[in-house]
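J.: quick one, structure for this:
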Amino acid sequence: MRVKVGDTWYDSTEQPICLQLNELEQEQISNMGPPTANNCKYGVFPDVNALSREEMLEWMKEDGEK
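T.: Coordinates of the predicted model:
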């Protein structure tokens with residue numbers, strides 16, 4: 001598992017990672033379906049109106065990912 005906080009990625013193969021999900025997040029993740037290249041990431045933003053959908057998707061990419 002990897003998690004991105006701000007602009008830094010953390011990898012559970014290198015350090016412990018803990019996620020605490022609220023009920024809505026659990027439901028949203030359970031509705032994602034099987035993991036594929038298009039739906040294996042889940043982002044949470046404190047102000048969903050601060051960024052456009054495209055900006056949110058861009059933030060979720062890894063360096064060099066298109």
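J.: which SSE is the residue of the chain positioned farthest from its centre in?
T.: Distance from the centre of the chain peaks at Glu14, with 18.3 Å (Cα atoms, centre = their mean). In the assignment (DSSP states H and E), Glu14 maps to no helix and no strand.
J.: so what pLDDT did it get?
T.: What the model reports for Glu14 is a pLDDT of 94.
J.: now the strands for this structure?
T.: Along the chain, the stretches classed as strands by DSSP state E are 2-5, 8-11.
J.: just to revisit the earlier point, distance check, the residue farthest from the centre of the chain against Phe45.
T.: For Glu14, the distance to Phe45 equals 25 Å [Cβ to Cβ, to the nearest Å]. For the C-beta atoms, the positions are set from N, CA and C on the backbone; glycine is no exception.
J.: need the contact list for Tyr10.
T.: Residues near Tyr10 by Cβ atoms under 8 Å, 6 or more residues apart in numbering: Arg2, Val3, Lys4, Ile17.
J.: hmm, try it at 6 Å
T.: Applying Cβ atoms under 6 Å, 6 or more residues apart in numbering, we find Tyr10 in contact with Val3, Ile17.
J.: how close does it get to Ile17?
T.: 6 Å.
J.: find the residues that touch each one of those two.
T.: Val3.
J.: where do the helices sit along the protein?
T.: For the chain, the helices defined by DSSP state H occupy 23-30, 53-60.
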